[in-house]
Structures are given as structure tokens and as C-alpha cells.
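**Q** Could you work out the structure for the sequence below:
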Amino acid sequence: MANNQPDFESVEPKPNGSGLSRILKATYCSLLGFKAAYQHEAAFRQELWLVLLLTPIAWFISASFSDFVVLMVVMLFVLVVELLNSAIEAVVDRVGLERHELSGRAKDLASAAVSTSLIIASLVWLAYIIQYFSR
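**A** Numbers count the residues shown, from 1 in each chain. You can find the predicted model right below:
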């Protein structure tokens with residue numbers, strides 16, 4: 001490590017198992033992630049409740065099952081981006097709470113990704129709502 005590079009060869013791999021055991025452990029970790037997001041992230045809670053509220057509306061305004069899937073995918077996409085944003089924020093905060101330009105940039109970029117996903121979802125929903133009322 002003379003050049004300030006981490007020594008990855010000395011790091012033990014995470015014991016995840018294999019086969020069904022690995023799938024079960026991964027599922028458990030995912031559930032812990034959803035629980036943490038719901039408990040600690042107000043934006044995730046708001047977006048999740050919005051998805052639950054809009055799901056029956058999506059079904060109602062969809063002309064086909066494919067339309068319904070598109071509306072659901074864009075809403076779930078927002079949740080995915082919010083989860084990634086929360087993960088980035090948690091890692092940055094773990095590294096240190098002092099202000100640093102790169103930490104701020106990482107958080108701002110992740111926030112911009114959430115905003116972009118919300119704009120995409122809003123535009124798709126707007127298109128379907130206009131189409132529904134134009135029938």
C-alpha cells in the first residue's frame with residue numbers, strides 16, 4: 001500500500017453462501033433495506049404512499065395491461081432512485097459529517113437523480129392522463 005491504494009487481496013470475501021441459502025440471505029438483506037428506508041427516509045415513505053395511492057388510478061386510466069405496467073414501472077423507478085439516493089447519503093454520512101465539497105456533490109447528484117426520476121414519472125403520467133381524457 002505504498003501508493004495509498006487499498007490492499008484488496010487481504011480482504012476476506014463476504015460469506016454469502018450459494019444457491020438457495022444465498023437467495024434467502026439476499027432477500028432478508030433487501031427486506032432490511034426496505035425497513036430502514038421506511039423508518040429513516042421521509043421521502044421514501046411519501047413516495048411509497050404515493051405509489052399505493054396511484055396504483056388503482058393507474059389501473060383505471062390504463063387502456064391496456066401494458067399501459068398499467070408502464071405507469072407502475074415509472075413509479076417504481078422513482079422508488080429505486082430514492083433508495084440509491086438514501087444509500088449514497090448514508091455512506092457519505094458514515095465517512096464523515098464534516099462539510100466537504102465532494103460529499104456535498106455526491107449528495108446533490110443523487111438528489112438530482114431523484115428529481116429527474118420524478119420529472120420522468122410525471123411526464124409519463126401526464127401523457128396517460130391526457131390520453132385518458134381525450135378518449
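**Q** going forward, measure contacts between C-alpha atoms and count neighbours the same way
**A** Noted.
**Q** Secondary structure element for the residue positioned nearest the centre of the chain, which one?
**A** Note on the chain: the residue nearest the mean C-alpha position is Val80, at 2.2 Å, using CA atoms, centre = their mean. Taking DSSP states H and E as the criterion, Val80 maps to helix 65-95.
**Q** so the longest helix along the chain versus helix 65-95, what angle?
**A** Longest helix in the chain, counting residues (DSSP state H): helix 101-133. Angle between the axes of helix 101-133 and helix 65-95 is 160 degrees (criterion: axes from the mean of the first three to the mean of the last three CA atoms, to 10 degrees).
**Q** quick one: buried residues of helix 101-133?
**A** By neighbour count with 16 or more other CA atoms under 10 Å, helix 101-133 contains the buried residues 103, 107, 110-111, 113-114, 117-118, 120-121, 125, 128.
**Q** okay if I get those residues as CSV plus pLDDT and distance to Ala36?
**A** Output for these, formatted as CSV (pLDDT from 0 to 100; distance: CA to CA, whole Å):
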residue, pLDDT, distance to Ala36
Ser103, 92, 22
Lys107, 95, 18
Ala110, 97, 18
Ser111, 98, 18
Ala113, 98, 20
Val114, 98, 18
Ser117, 99, 21
Leu118, 98, 22
Ile120, 99, 26
Ala121, 99, 24
Trp125, 98, 28
Tyr128, 97, 33
